[in-house]
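**Q** sequence first, then the predicted structure:
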Protein chains: 2
Amino acid sequence: MGKKNGISPTREENYPQWYQEAVKASDMAEKSPVRGCMVIKPWGYALWENMVKILDDMFKECGVKNAYFPLFIPVSFLEKEAKHVEGFATECAVVTHHRLEKKEDGSLTPAGKLQEPLIVRPTSEIIIGESFSRWIKSYRDLPVLINQWANVVRWEMRTRIFLRTAEFLWQEGHTAHSSKKEALEMTFKILDIYQKFASEYLAMPVIKGRKTEAEKFPGAQETLCIEAMMSDKKALQAGTSHFLGQNFAKASDIKYQAINGGEEFVWTTSWGVSTRLIGGVIMTHGDDDGVIIPPKVAPSQLVLMPILKNNADDNRVLEYTDNVAAALRKKDYCGRKIAVETDKRDIGGARGWEWIKKGIPLRVEIGPRDIEKNSVFAARRDKKHSEKETINTERFVNNITDTLDNIQKNMFQKAADFRNRNTTIIEDKKDFYQYFTPKNKKEPEIHGGFALSGWCGNPECEKAVKDNLKVTIRCIPLDGENKKGKCIHCGNPADKQVVFAKAY
Amino acid sequence: MGKKNGISPTREENYPQWYQEAVKASDMAEKSPVRGCMVIKPWGYALWENMVKILDDMFKECGVKNAYFPLFIPVSFLEKEAKHVEGFATECAVVTHHRLEKKEDGSLTPAGKLQEPLIVRPTSEIIIGESFSRWIKSYRDLPVLINQWANVVRWEMRTRIFLRTAEFLWQEGHTAHSSKKEALEMTFKILDIYQKFASEYLAMPVIKGRKTEAEKFPGAQETLCIEAMMSDKKALQAGTSHFLGQNFAKASDIKYQAINGGEEFVWTTSWGVSTRLIGGVIMTHGDDDGVIIPPKVAPSQLVLMPILKNNADDNRVLEYTDNVAAALRKKDYCGRKIAVETDKRDIGGARGWEWIKKGIPLRVEIGPRDIEKNSVFAARRDKKHSEKETINTERFVNNITDTLDNIQKNMFQKAADFRNRNTTIIEDKKDFYQYFTPKNKKEPEIHGGFALSGWCGNPECEKAVKDNLKVTIRCIPLDGENKKGKCIHCGNPADKQVVFAKAY
């Protein structure tokens, strides 16, 4: 193959540009002509469908049930929770009219003004809270455990496919409980699910932690999160689980008759992950040839590419390929049958490159000489694209789930090694500033990675670091909550060690 | 049981009111405080999820792939297809601003006016067409077979849960082909899928047919549909498949390089079914006790209700119930495991009535005396609620799929018999008017049902019938396209027999 890399530029040359090219070359999604909205193409959507299926089963396992609530929220509803409205009013799509009218010049103009404007949901605490206030009467009705798969809209000014788009797809869980303890337990249980999903299925190691006051969800009492490191050493918030206390219960008047007869407010939680995770997969695993998708969530685990020569061998090769495909499709993998693509196009080396760039875990070539040896010529996407192996066909088919598991584990290990290599405990302020300062001006994004440093808890220190370095506290890791030290900014005693990083 | 019926009023007393009460009592959905938008509650959403799963598999079997396109459509895009804009501009949600601002009096008001208003998609031909115009370059790219599961919004003035709501959930398929023939074949193939889905899974017999010019989709060249009869003898359009000719290809400039080198417009189709089908299920099968859900799509196939007496027997009964549940949950049914509810609440007869009203196919009581006989006490929802049967437990478990199949078939047969009983060939105009005229003024909706009558093809005749009787041509059945006769309105020769009915 003449080309050096599937994608140009490389990650080192220009990471943001590399990301765009990787998305494009994978055929997962594209920009749409509608400002800030993306089109999720079949290959990207199939990945999302797999993610949905796995998460959905995990939620249902906990007794969570799916439901669906209105897309629109009346403005007066939004006003119910003061911090919530501050957080979302500045970037929402507002519906003001309910029809279009033809003007004299033939153009269409909004007509039928609504008495009260509606916003397109940026999140649904308030509108679901309204239902909860009617559903919940007594302690017998609790807990209520609901999830919604839906589209939401946040009018972001700077958008990037999957990572930050005006419209995105997500799940939002909303639960109501009779006690603070139970609601907190739910918040942590979901965090564990998110961690398990990210690490076991997306092969994405994550740190579980709490958000600081400045970074938490508008209206939440506590925001838990999972934070991942992308391959440019920046952090990506990959999922959040909020303990809302009684804030939203009071805002939406969600009360119940307690077992002892009194009337009490419920305790609520909300939690979500979104199509942003796809961006996370791309930036965790992708290399200079493009996207690499973990086998457990890949739309297809492998592609078979018969090598056709326009001669008498072709039929034999095609038949052999179909037999291998049929044998593979009978195998179970990750709760489903293995999904196999067969690509019979005669387009030369472009065919292999296309699948490399799509990130399919395994590529398999089958030619006349392979058939004679009863073997296939296989290449793993997690290895160099030139590393191919001739394997006995029967053995290849019989070992397929092991091979896929191996790829999955290798991807996780690589990502974990990378993160660990780029995570450092820093106690000295000068070291800290150096760590987050680019080595040269041409590559402004090159920095150290995650810094584990002390923080005194003062929002002023947090803000100073952010203003000076564009570095934020990604989270207070659950296992770093009681680590003593000194504050990286002010030098005062610190009773927690936090993760500082640049973030998406 | 003291109550005569689960629902009041009965269908005969007041059908629209019965429908509302049946929906409410089933706990499937409710009205929301957002005008025209519904909340789909867990029991209703689980039914929808099953429908989605089955249809999705059927589409994928045909090579259709899922994708996701923007929620918003710029107004200038809508203008591209003249009939399309006429059809949808009068009832759409218009987004005009992208944030809210606090006024001096503290209220929130729209701010950040958009240069171009956006409408919330009522359907996505135009926005998907824009993508197609970029995706399709050559005959090698065709056919493109895409489906989207999404929410859409049509600002209906009179709404009714599931049947006609401002926001609803649906699937919309969009395909592009290189020839008229292939596009037409696709339109018919999807119609067959819809028929199969309605009859085999929803137990809903449907008539396949073509829409008249007056009733077809705005912008379509041909609209095919499936029409079902509800238990008030009115028609429900349950799914549509449109052959769009080259109208939308021209509107969105979707051209391809043909095999012979020339540039040609593609031929497109679009097709959809929605949460409206849930309303169809309710009105096809529901009785005066409420909803009845066909086993193949039911959220759960059966409920086990241990009879607890607050005595020493209780543990034995609970254990026995759990064992029966475990044995049932191992059984395959309709591509999944059987879903079993166990309802251990001690709330007397209300418990059984709740499940009757939810329409669960089978209710099973297990008490101390049943255990002694090693039997269960089972009631089928498709029979009278007093008809219960003592069955040997082992036999019950072993025969469960047969029993469910039997319920499914019985439901279809009942619905088909009802429709056939209320479908009449009418050749005489006086008979026709009598057929559609209520017998008395108190019950204005009581009428004959479906009339199969000749139509000359003149839109004036169609309109006259509609104006006089509120009866429309539901479809020209595919098997009635060449039936000669005379037009039921003008008496002139007619070369087709059509279905006239009142409709939802």
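**A** Yep, that arrived. Residues are numbered from 1 along each chain as shown, chains lettered A, B, ... in the order given.
**Q** use CA for all of it now, contacts and neighbours both
**A** Will do.
**Q** I'd say A:Lys496 and A:Glu481 touch.
**A** Yes. Using C-alpha atoms under 8 Å, A:Lys496 is in contact with A:Glu481, at 4.9 Å.
**Q** just want to know which of those two has more residues nearby.
**A** Taking other C-alpha atoms under 10 Å in any protein chain shown, A:Lys496 and A:Glu481 do not tie; A:Lys496 has more neighbours (23 against 14).
**Q** and the more buried one, bridged to which residues?
**A** A:Trp455 (DSSP bridges).
**Q** report pLDDT for it.
**A** Looking at A:Lys496, its pLDDT stands at 92.
**Q** same question, A:Lys384
**A** For A:Lys384, the predicted pLDDT is 88.
**Q** now do A:Asn440
**A** A:Asn440 is given a pLDDT of 68.
**Q** so what's A:Glu387 up against?
**A** Listed by C-alpha atoms under 8 Å, 6 or more residues apart in numbering or on different chains, the contact set of A:Glu387 reads A:379-380.
**Q** from chain B, how far off is it?
**A** 31 Å (C-alpha to the nearest C-alpha, to the nearest Å).
**Q** center of chain A, which residue is that?
**A** A:Leu277 (1.2 Å; C-alpha atoms, centre = their mean).
**Q** which residues of the stretch 101-250 of chain A lie near chain B?
**A** The stretch 101-250 of chain A has residues A:101, A:108, A:110, A:117, A:131, A:155, A:167 near chain B, with proximity defined as C-alpha under 8 Å from any C-alpha of the partner chain.
**Q** what's the most distant pair in those residues?
**A** A:Leu108 and A:Ser131 (36.3 Å; C-alpha to C-alpha).
**Q** which stretch of helix or strand covers the residue nearest to the centre of chain A?
**A** For A:Leu277, the host element (DSSP states H and E) is helix A:276-285.
**Q** do A:Phe88 as well
**A** Using DSSP H and E, A:Phe88 falls in helix A:82-88.
**Q** and the contacts of that helix?
**A** A:78-79, A:122, A:154, A:218-219.
**Q** so which of those comes closest to chain B?
**A** A:Glu79 (7.9 Å; C-alpha to the nearest C-alpha).
**Q** what bridges to the closest residue to chain B within the stretch 51-200 of chain A?
**A** As assessed by C-alpha to the nearest C-alpha, chain B sits closest to A:Val95 within the stretch 51-200 of chain A, at 4.1 Å. Beta-bridge partners recorded for A:Val95 (DSSP bridges): A:Leu118, B:Val95.
**Q** A:Gln115 is in contact with that one, correct?
**A** No. A:Val95 lies out of contact with A:Gln115 (C-alpha under 8 Å); the separation is 10.9 Å.
**Q** who's more crowded, the two?
**A** Neighbour tally, A:Val95 and A:Gln115, criterion other C-alpha under 10 Å: the higher count belongs to A:Val95, 29 against 8.
**Q** among the contacts of helix A:82-88, which one sits closest to A:Val317?
**A** A:Arg154 (51.5 Å).
**Q** ok, that closest one to B:Thr123 distance?
**A** A:Arg154 sits 22 Å away from B:Thr123, going by C-alpha to C-alpha, to the nearest Å.
**Q** what do you get for A:Phe69?
**A** The value you get for A:Phe69 to B:Thr123, if C-alpha to C-alpha is used, is 20 Å.
**Q** tell me the residues of the stretch 401-504 of chain A that contact chain B?
**A** Counting by C-alpha under 8 Å from any C-alpha, no residue of the stretch 401-504 of chain A is near chain B.
**Q** quick one: the helices in the stretch 401-504 of chain A?
**A** Counting by DSSP state H, counting those that start in this stretch, the stretch 401-504 of chain A has helices at residues A:429-435, A:459-469.
**Q** I'd like those helices as TSV, with distance to B:Ser8 and mean pLDDT appended.
**A** Listed next are the helices of the stretch 401-504 of chain A as TSV, based on distance: least, C-alpha to C-alpha, whole Å; pLDDT from 0 to 100:
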stretch	distance to B:Ser8	mean pLDDT
helix A:429-435	72	95
helix A:459-469	60	96
